[in-house]
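Trainee: build me a model from this:
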Amino acid sequence: MLERERLGIAMKSEEIWKYIHSERADMATTWATLTNDQWATSSWCGGWTVKDTAGHVLSAAEQTPMNFIKEMAMAGFKFNVFADRGARKLSVLSPEELVRRLRARTTTTNHPPAPVIAMLGEIVVHGEDIRRPLGLTHATPEAALVAIADNWKNSNVLIGAKKRVTGVKLRATDVNWVHGEGPEVSGPLISLILAMGGRKRALVDLTGEGVAILTARD
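Mentor: Numbering: from 1, shown residues only. Sure thing, here's the model as predicted:
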């Protein structure tokens, strides 16, 4: 699988869904262990608690194209407003209900009008947003991380990753993945992905002259 990614062969949707479902199952297992204090902890997703971020994860997992368009229209087609409303609407659920409903999404393939790979990035990165401030660790398969990184490196849609990393060379130290030209930023691929997504707290995992450039960017 990873060799296919190195050769530039796109991962098929059914393969992506296997990773999405696995990551959701692992996320639900993590949620089932959290205390009230942990649920109330600030996540790495700006302005949201761990429970708010869990609400966002569940909202994305339950989303459909028609409902997405309806809710976006109600939010004035402002994605940040749309996402915040969805997160807070579901964050009022009990932890047990959040776990139950996410586990119910470990076999389904519904998603908003976006490429399936976007759903993989969604669960992996928000999983880190939840786990890292709690001191929890998780190992996402290398092939899944490569697929996300390859998708994000040339995309500015919503995440703005392409603009954020232009002019630096990203080099993973745990897998054979390199992108870009310029001052180098090196470290674990998951941390590079988080940095691509604007999580500045992930920069402590990274080294190289390019780190200062990413630090200065939004």
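Trainee: wait, what's in contact with the closest residue to residue 187 other than its chain neighbours?
Mentor: Sequence neighbours aside, residue 206 is the residue nearest to residue 187 in space, at 3.8 Å (criterion: Cβ to Cβ, 6 or more residues apart in numbering). Placement of C-beta: from N, CA and C, glycine included. Going by Cβ atoms under 8 Å, 6 or more residues apart in numbering, residue 206 touches 185-187, 191-192, 195, 214.
Trainee: can you give me the buried ones in the host helix or strand of residue 15?
Mentor: In this assignment (DSSP states H and E), residue 15 forms part of helix 13-31. Neighbour counts over helix 13-31 (16 or more other Cβ atoms under 10 Å) mark 15-17, 19-21, 23-24, 26-28, 30-31 as buried.
Trainee: picking up where we left off before, please identify which of the contacts of residue 206 is nearest to residue 132.
Mentor: Lowest distance from residue 132 to those (Cβ to Cβ) belongs to residue 191, with 9.9 Å.
Trainee: tally of neighbours for that closest one?
Mentor: 23 (other Cβ atoms under 10 Å).
Trainee: give me the pLDDT for it.
Mentor: Note for residue 191: predicted pLDDT of 98.
Trainee: thought it was touching residue 205?
Mentor: Yes: when contacts are counted by Cβ atoms under 8 Å, residue 191 is listed as touching residue 205 (3.8 Å).
Trainee: for residue 112, what are its contacts?
Mentor: Per Cβ under 8 Å, 6+ apart, neighbours of residue 112: 60, 63-65, 68.
Trainee: now with 10 Å?
Mentor: Counting by Cβ atoms under 10 Å, 6 or more residues apart in numbering, residue 112 makes contact with 59-60, 63-69, 71-72, 118-119, 122.
Trainee: picking that back up, could you pull up the mean pLDDT of the helix holding residue 15?
Mentor: Rounded mean pLDDT across helix 13-31 is 97.
Trainee: also stretch 117-135?
Mentor: Stretch 117-135 comes out at a mean pLDDT of 98.
Trainee: cool, stretch 170-178 as well?
Mentor: 97.
Trainee: how many neighbours does residue 187 have?
Mentor: As a burial measure, residue 187 scores 22 neighbours (other Cβ under 10 Å).
Trainee: from what I see, it and residue 177 are in contact.
Mentor: No: counting by Cβ atoms under 10 Å, residue 187 stays clear of residue 177, with 11.3 Å between them.
Trainee: before we move on, the earlier item: and the contacts of residue 206, which is closest to residue 46?
Mentor: Distances from residue 46 to those, taken by Cβ to Cβ, are shortest for residue 195, at 14.9 Å.
Trainee: burial check on that closest one, number of neighbours?
Mentor: 27.
Trainee: please, which helix or strand holds it?
Mentor: helix 189-196.
Trainee: check residue 98 too.
Mentor: Counting by DSSP H and E, residue 98 is part of helix 95-103.
Trainee: who does that helix touch, helix- and strand-wise?
Mentor: helix 13-31, helix 36-39, helix 50-62, helix 79-91 (3 or more Cβ pairs under 10 Å, 6 or more residues apart in numbering; DSSP states H and E).
Trainee: pull out the buried residues from that helix.
Mentor: 95, 98-99, 102-103.
Trainee: on the three-state scheme, the residue sitting nearest the centre point of the chain is what?
Mentor: Nearest to the mean C-alpha position of the chain, by Cα atoms, centre = their mean, lies residue 125 at 2.3 Å. For residue 125, the assignment made with DSSP: H, G, I helix; E, B strand; the rest coil gives helix.
Trainee: alright, calling it a day.
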